[in-house]
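K.L.:
fold the stuff below for me.
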Amino acid sequence: MKPVIAFAPAYCDLTFLQPFIFTRKVQDFRVGALTIREKWEQLLELSSVDLKDDRLSEFFPSVSLEAIANGVVKYIIAANLLPCKELVEQIKMLRPGQSVIAEDNKMLAGCIMQSADLESLRPIASLEPSDFKLLETVTQINLFNKEALLYDYEVLKQNCVLQPVDPSNRLIAPENIFIEKGAVVRHAILNAEEGPIFIAKNAQVMEGVCLRGPIYIGAHAVVKMGAAIYGATTIGPGCVIGGEVKNTVFFANSNKGHDGYIGDSVIGEWCNFGAGTSSSNMKNNIGNVDYQLPDAIIVTGQKKGGVLMGDFSRTAINTSINTGTWVGVSAHVFGNGLTPKIIPNFSWGFESGSGGLPRRYREEGVLKHEECVYKLDKALKDADAWMRLKGGVLSDAQKNILTELYNKR
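P.N.:
Numbering: from 1, shown residues only. Next up, the predicted model:
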């Protein structure tokens, strides 16, 4: 039987991967053009399975190591390990019983034939921290994105059918521009001097769009007329993007279809930005931007940081998102003034200046907490409606995950 990749639990505290870790496994995070799973599958030319862990296994297919036939070669890879050229070459050279470890003896990748072999692996390489990248916080998605995009382009170019660029476009550094067969790109300006531009099949880039690489535009994505997109930006499959965007990762199927700015941000799946929504990515005092999570703080050391938005969250028109804002899953963001810097899962509106937590409805000065919550039945119904706009449907697994999140809020 053909070898298989088996993703092991991530080497990190999952707290710092909120809100995206609420609804997916780490190997399904998009960093660069591809998800971590897609990268490894394409680089090793193997399919993958997920080993059972303590979370999400009940919602998504996963197997125990013992359940994979003993005769099958298994490449065990940490779920949050990002590939690079040297690391991939080392993993390809692994034979059953061998491993690649970090200098603290953590196994980054191993190769086994039988599950019992995992206890007696022999390291063939010990890597310095500078030799590999582990995704350990959500803010690293932005930090790693440019490098990941550059690496992914080399993979994508080998596995796609390109088409000539329509002569109506204006090109700078055309040798770095790749348009997959089936994409529609006309009357746009594409500048790939600072990084390549890759537009996947069946994507559409409308008239008057300005792209400055590195940029990846996924399959069936649409960039609307007059949009200005700066690198390093990933527009995942099925997204609809307009206005001004810089250094942002859209996982997939989200919409920012109108004017407004978003920069240095990470947006999950099935999100929607109302027309005119803008996100601040820099403080007026040029101070560092940190993120308050529900039960942790991410100290970035960076001067730019936009919004981190979980799946199924949406903003009303003209919403002004504060610098370094964290938005949970299935939040309905509306209110006056700047948003709070933390908007929990299933929030329903916010009250500006309330100290960080969304509060909106009061009765004679007393907060009516339950009125500030996006009710589960409505949230599920709305999520399904948004997915159906793009031909999708809310699966039972997604319903169960959202229900569990709602009950834990």
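K.L.:
contact partners of stretch 192-199?
P.N.:
With C-beta atoms under 8 Å, 6 or more residues apart in numbering as the test, stretch 192-199 has contacts from 33, 146, 149-150, 153, 156, 171-180, 183, 185, 190, 205, 211-217, 231-232. Backbone N, C-alpha and C define where each C-beta goes, glycine included.
K.L.:
which ones among the residues you listed are found in strands?
P.N.:
Among the contacts of stretch 192-199, the members found in strands (DSSP state E) are 171-172, 177-179, 185, 190, 205, 211-212, 215-217.
K.L.:
point out where the protein drops to low pLDDT.
P.N.:
Scanning the chain with the threshold set as pLDDT under 70 gives 352-371.
K.L.:
re the thing from before, pull out the buried members of the contacts of stretch 192-199.
P.N.:
Among those, those classed as buried by 16 or more other C-beta atoms under 10 Å are 33, 146, 149-150, 153, 156, 171, 176-180, 183, 185, 190, 205, 211-217, 231-232.
K.L.:
what ranges do the strands span in the stretch 1-150 of the chain?
P.N.:
Counting by DSSP state E, counting those that start in this stretch, the stretch 1-150 of the chain has strands at residues 4-8, 30-31, 34-35, 48-50, 74-78, 81-82, 98-102, 107-112, 122-127, 133-134.
K.L.:
what's the most buried one of those?
P.N.:
Ranked by mean neighbour count, those are led by strand 30-31 with a mean of 28 (mean count of other C-beta atoms under 10 Å).
K.L.:
which elements pack onto that strand?
P.N.:
The contact analysis (3 or more C-beta pairs under 8 Å, 6 or more residues apart in numbering; DSSP states H and E) places strand 30-31 against helix 140-158, strand 249-252.
K.L.:
list the helices and strands the last one packs on?
P.N.:
Under the contact criterion of 3+ C-beta pairs under 8 Å, 6+ apart, strand 249-252 touches strand 30-31, helix 140-158, strand 233-235, strand 266-269.
K.L.:
distance to residue 401 added to the ones you listed, as CSV?
P.N.:
Converted to CSV, the helices and strands packed on strand 249-252 look like this (distance: least, C-beta to C-beta, whole Å):
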stretch, distance to residue 401
strand 30-31, 18
helix 140-158, 20
strand 233-235, 23
strand 266-269, 12
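K.L.:
packed most tightly, which of these would that be?
P.N.:
Across the helices and strands packed on strand 249-252, averaging neighbours per residue (mean count of other C-beta under 10 Å) puts strand 233-235 on top, at a mean of 31.
K.L.:
check contacts around residue 328.
P.N.:
Contacts for residue 328 (C-beta under 8 Å, 6+ apart) come out as 18, 19, 22, 294, 310, 313, 343, 344, 345, 346, 347.
K.L.:
leaving out the residues flanking it, which one is nearest to the second one?
P.N.:
Closest residue to residue 19 apart from its sequence neighbours, by C-beta to C-beta, 6 or more residues apart in numbering: residue 310 at 3.2 Å.
K.L.:
okay, helices next: where are they in the stretch 301-409 of the chain?
P.N.:
Here the stretch 301-409 of the chain has its helices, by DSSP state H, counting those that start in this stretch, at 376-388, 396-408.
K.L.:
I'd like to know which of those helices lies nearest to residue 272.
P.N.:
Within the helices of the stretch 301-409 of the chain, the stretch nearest residue 272 is helix 376-388; the backing value is 6.8 Å (C-beta to C-beta).
K.L.:
go ahead and produce CSV holding the CA coordinates of that closest one.
P.N.:
The C-alpha coordinates for helix 376-388 follow below in CSV (Å, rounded to 0.1, in the frame of the first residue of the first chain):
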residue,chain,number,x,y,z
LEU,A,376,-28.0,29.4,18.5
ASP,A,377,-31.0,28.6,16.3
LYS,A,378,-30.7,31.9,14.5
ALA,A,379,-26.9,31.7,14.2
LEU,A,380,-27.2,28.2,12.6
LYS,A,381,-30.0,29.3,10.3
ASP,A,382,-28.0,32.4,9.2
ALA,A,383,-24.8,30.5,8.7
ASP,A,384,-26.5,27.9,6.5
ALA,A,385,-28.1,30.7,4.5
TRP,A,386,-24.8,32.4,3.9
MET,A,387,-23.2,29.1,2.8
ARG,A,388,-26.1,28.4,0.4
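K.L.:
name the residues of that helix that are buried.
P.N.:
Using 16+ other C-beta under 10 Å as the test for burial, helix 376-388 gives 376, 379, 380, 382, 383, 384, 386, 387.
K.L.:
quick one: which of the residues you listed is nearest residue 88?
P.N.:
Among these, residue 387 lies closest to residue 88 (C-beta to C-beta), at 34.6 Å.
K.L.:
quick one: the closest one and residue 270 touch, right?
P.N.:
Yes. Residue 387 is in contact with residue 270 according to C-beta atoms under 8 Å; the separation is 6.1 Å.
K.L.:
joint contacts of the two?
P.N.:
Residues touching both residue 387 and residue 270 (C-beta under 8 Å, 6+ apart): residue 253.
K.L.:
how many neighbours does residue 220 have?
P.N.:
When neighbours are defined as other C-beta atoms under 10 Å, residue 220 has 21 of them.
K.L.:
residue 86 versus residue 76, what's the distance?
P.N.:
From residue 76 across to residue 86, the span is 19 Å (C-beta to C-beta, to the nearest Å).
K.L.:
need the strands for the stretch 301-409 of the chain, in chain order.
P.N.:
Taking DSSP E, counting those that start in this stretch to define them, one finds strands in the stretch 301-409 of the chain at 307-309, 314-315, 320-321, 325-327, 332-333, 342-343, 362-363, 366-367.
K.L.:
so which of those strands is the most surrounded?
P.N.:
strand 307-309 (a mean of 29).
K.L.:
neighbouring strands of it in the sheet, and parallel or not?
P.N.:
In the sheet, strand 307-309 lines up against strand 266-269 (parallel), strand 325-327 (parallel) (DSSP bridges).
K.L.:
just the C-alphas of the first one, formatted as CSV.
P.N.:
Coordinates of each C-alpha in strand 266-269 appear next as CSV, following Å, rounded to 0.1, in the frame of the first residue of the first chain:
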residue,chain,number,x,y,z
VAL,A,266,-6.6,37.1,9.3
ILE,A,267,-10.1,36.2,8.4
GLY,A,268,-11.7,32.8,8.8
GLU,A,269,-14.3,31.2,6.5
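K.L.:
please consider this matter closed, and thank you.
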